[in-house]
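Chemist: Prediction below, plus the sequence it came from.
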Amino acid sequence: MPKRIITELSDEQEAMLPIYRDKWRSIQISTESIEQEKVTAIIKAAYAVSDYPEPEILFYSSPMTAIEKILTIENFKAYLGRNIHIKFFKRVVDHLLHGIRQQLDEHLFIRLRNQVQHPEFPYYSTESYPLVSYFPYTGRCLEHQLIADLDKLELEFSEISYFTDHLNRPAGWAIWGCMLDFCISVLNIQHDKKKWNALQELMQHCGFIFQFEKVCIVCDRPCKLSFDE
């Protein structure tokens, strides 16, 4: 049976967008401590839906603490296994987004994405009204902070980049979480239920993660987030 193509939103559907934006922004900037038992089940489900075997799961208070501990393990790269972050994103996130694009008119998909990220000025920006994302991007700041901290350990650049390149924060995907949630919940888009359940649980309940094939390292959320204008 061919999928239906949605070409426009009703006024009622469009009025629901702010609710989903606020929901996912609050998830993105949450500073609540993670629950290890819940996160353990979530990590196992995330690996399963991306076709990877169940990993060993290690918990640490922060990425810096995790890296210091892992570096004490002899031949730690072999112990961790290959990094699977990119493949996980392709197999789960990209797979779900591809399903949305197949069921939305291309112009509607782009407009909806803009309305999710830039609700004030979804179509244009000017010098007086610059385009500011509703979902603040924290990845670069966190990476710079981690590099500064790791530099104190006098590590080789290759060791520093090995970890910073593999650090991931699922809540940072909040834009896509909002898009998927709105399209699935409001527009009734067909989707892979197992992948969506695993992904939204990962974004809602995990802090920082290093996704390796044999080991998944999980760190708590930051205790404080500060933003400039």
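Modeler: That came in fine, so what should we check first?

Chemist: C-alpha only now, for contacts and for neighbours.
Modeler: OK.

Chemist: Surely Leu96 forms part of a helix?
Modeler: Yes. According to DSSP: H, G, I helix; E, B strand; the rest coil, Leu96 belongs to a helix.

Chemist: Might one say that it is in contact with His191?
Modeler: Yes. Using CA atoms under 8 Å, Leu96 makes contact with His191 at a distance of 6.6 Å.

Chemist: Tell me which of the two has more neighbours.
Modeler: Counted by other CA atoms under 10 Å, Leu96 and His191 do not tie: Leu96 has more neighbours, with 21 against 17.

Chemist: Need the pLDDT of that one.
Modeler: The model reports Leu96 with a pLDDT of 96.

Chemist: Kindly report the same for Ser62.
Modeler: With respect to pLDDT, Ser62 has a value of 86.

Chemist: quick one, strands of the protein?
Modeler: All strands of the chain, identified by DSSP state E, fall at 56-60, 167-168, 208-211, 215-219.

Chemist: mind listing what the third one pairs with, with the direction of each?
Modeler: Pointing back at strand 208-211 there. strand 167-168 (antiparallel), strand 215-219 (antiparallel) (DSSP bridges).

Chemist: Of those strands, which is nearest Trp196?
Modeler: Judged by CA to CA, the one of the strands paired with strand 208-211 that comes nearest to Trp196 is strand 167-168, at 18.4 Å.

Chemist: what would the strands of the chain look like in a markdown table with distance to Phe135 and mean neighbour count?
Modeler: Converted to a markdown table, the strands of the chain look like this (distance: least, CA to CA, whole Å; neighbours: other CA atoms under 10 Å):
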| stretch | distance to Phe135 | mean neighbour count |
| --- | --- | --- |
| strand 56-60 | 26 | 16 |
| strand 167-168 | 16 | 20 |
| strand 208-211 | 17 | 24 |
| strand 215-219 | 22 | 23 |
